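In: Give me coordinates for this.
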Amino acid sequence: MVYVPALDCVQLGTEDFAAWGTPVDPTVQLGLISDATIEPEIDVETLADLRGSLAPGYVAVLNAHRGGASVSGTCTYEDLPYWFDSLLMQATPSGGNPYTRLYNGQLDPTALTPNKTVRRLYTFIRGQANKVQRLSGAIVNELSIKMEANKPWTYTAKLIGKDVAGSALKSLGAALLTRGQTPIHSNSTQLFVNNITTDHIGDTEITTLWFSAELSIKNVAGLVNGMGSLTPKIYTDAKAEATLKIKADVNADSAAWMTAILATSVEQRKVRIVATSGANVVTLDFAGSFSGSPKLDADQDGVSALEFELDAIYNIHDLGNWFNASVINAIDVLD
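Out: Residues are numbered from 1 along each chain as shown. Below you'll find the model as predicted:
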């Protein structure tokens, strides 16, 4: 029998915080996934052995077992919280329908240790009947969101986890298999850029021509091995890394940014990106310093463009953080 990759699906189950890496049955099937890969990391060592032979070895040992995964697809108002809940923190929805989930860049190291009810931990599954792989203890470690003119937003997420094994798909109810998906689209996306200190974020919309943006966040989470266990015993976080790239037409707005960057002082901005579809809203707030020189001679469909990159920095004005986000949708509980 052969298996057709197009028949695969991706399912998630939320694990207990107190039992990281203990697999659970999936409760939701994700939609609009373009690719998903589970990658086991197995350390097998052939031991050195001086026994009068030129053979490569005689004894091998299994030292460690851990895993990772990568998944990419189209951003939707319904499913984006699954990734933010694991990358940043598990949000508590507020309000009635629509419901609002608020997210913040991680600051407090005491909240990041295992067994804290901050991050959502997953059993991550890809496959089809009789061909299923499972990553248990899965944590979103990196998330990149791309926005391009006249296209839906897309994302790539990278996860780390405790181990990889075979598994089984869950027969989910029809409602979970056919739940609605609303793509987040660039056609309904707005960009706001403001001074890092004096202005309020969201005060100044960029109504001149801009082409794309890309937000990348990496939590630099690590898996920690210890005595008495083949698989990692805990996970831990380190200082986050985050960037925001913007590509814009050469105009009054972008020229002012370029002039400021080429001056003799560090130039910083607060950036807000907002997308809407009916009552659904996604807001991304980012504070950063322009890093290096902009690309001055970029081309976009025959139009001269400038490309800028900002490195995240803590902002005491408005944000009280380096990154904030909110997602408003009709989902009261994430399955």
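In: Do you have the helices of the stretch 201-335 of the chain handy? List them.
Out: Using DSSP state H, counting those that start in this stretch, the helices found in the stretch 201-335 of the chain span residues 252-261.
In: all strands in it, in order from the N-terminus.
Out: 210-218, 222-224, 234-236, 241-249, 268-277, 280-290, 295-300, 303-312, 323-329 (DSSP state E, counting those that start in this stretch).
In: per-stretch mean pLDDT over the ones you listed, give me the minimum one.
Out: The minimum mean pLDDT among the strands of the stretch 201-335 of the chain belongs to strand 295-300 (a mean of 80).
In: Okay, now the unreliable bits of the stretch 101-250 of the chain?
Out: Scanning the stretch 101-250 of the chain for pLDDT under 70 picks out 109-117, 172-178.
In: quick revisit: out of the strands of the stretch 201-335 of the chain, which comes closest to His185?
Out: Among these, strand 268-277 comes nearest to His185, with 7.0 Å by C-beta to C-beta. Every C-beta, even on glycine, is put in place using the N, C-alpha and C of the backbone.
In: and the closest one, what does it pack onto?
Out: Where contact means 3 or more C-beta pairs under 8 Å, 6 or more residues apart in numbering; DSSP states H and E, strand 268-277 is packed against strand 189-195, strand 280-290, strand 303-312.
In: Just give the nearest non-adjacent residue to Lys239, would you?
Out: Spatial nearest neighbour of Lys239, chain neighbours left out: Val220 (6.6 Å); criterion: C-beta to C-beta, 6 or more residues apart in numbering.
In: for that neighbour, phi and psi?
Out: Phi and psi for Val220, reported as degrees, to the nearest 10, are phi 50, psi 40.
In: do you know which of the strands of the stretch 201-335 of the chain lies nearest Gly31?
Out: Proximity to Gly31, assessed across the strands of the stretch 201-335 of the chain by C-beta to C-beta, is greatest for strand 323-329 (13.5 Å).
In: And the closest one, what's buried?
Out: Residues of strand 323-329 classed as buried by neighbour count (16 or more other C-beta atoms under 10 Å): 323-329.
In: Quick one: residues in contact with it.
Out: Contact with strand 323-329 is made by 77-78, 80-81, 84, 88, 91, 98-105, 182, 217, 242, 279-287, 312, as judged by C-beta atoms under 8 Å, 6 or more residues apart in numbering.
In: next SSE after the longest strand seen in the chain?
Out: As assigned by DSSP state E, the longest strand anywhere in the chain is strand 131-148. Sequence-wise, the next helix or strand downstream of strand 131-148 (DSSP states H and E) is strand 154-161.
In: Can you name the residues in contact with that next one?
Out: Contacts for strand 154-161 (C-beta under 8 Å, 6+ apart): 21, 34, 66-75, 80, 83, 86-87, 122, 124, 135-146, 221-223, 235.
In: Any of those residues buried? List them.
Out: Neighbour-count burial (16+ other C-beta under 10 Å) is assigned, among the contacts of strand 154-161, to 21, 66-69, 71-75, 80, 83, 86-87, 122, 124, 135-146, 221, 223, 235.
In: right, and Lys218 touches Ala242 too?
Out: Yes: between Lys218 and Ala242 there is a contact at 7.1 Å, judged by C-beta atoms under 8 Å.
In: Could you give the bridge partners of the residue minimising distance to the centre of the chain?
Out: Taking C-alpha atoms, centre = their mean, the centroid of the chain lies closest to Leu143, which sits 2.2 Å from it. Bridge pairing for Leu143 (DSSP bridges) gives the partners Ala157, Ile217.
In: Which parts of stretch 194-204 count as buried, going by neighbours?
Out: Using 16+ other C-beta under 10 Å as the test for burial, stretch 194-204 gives 194, 196, 199, 201-202, 204.
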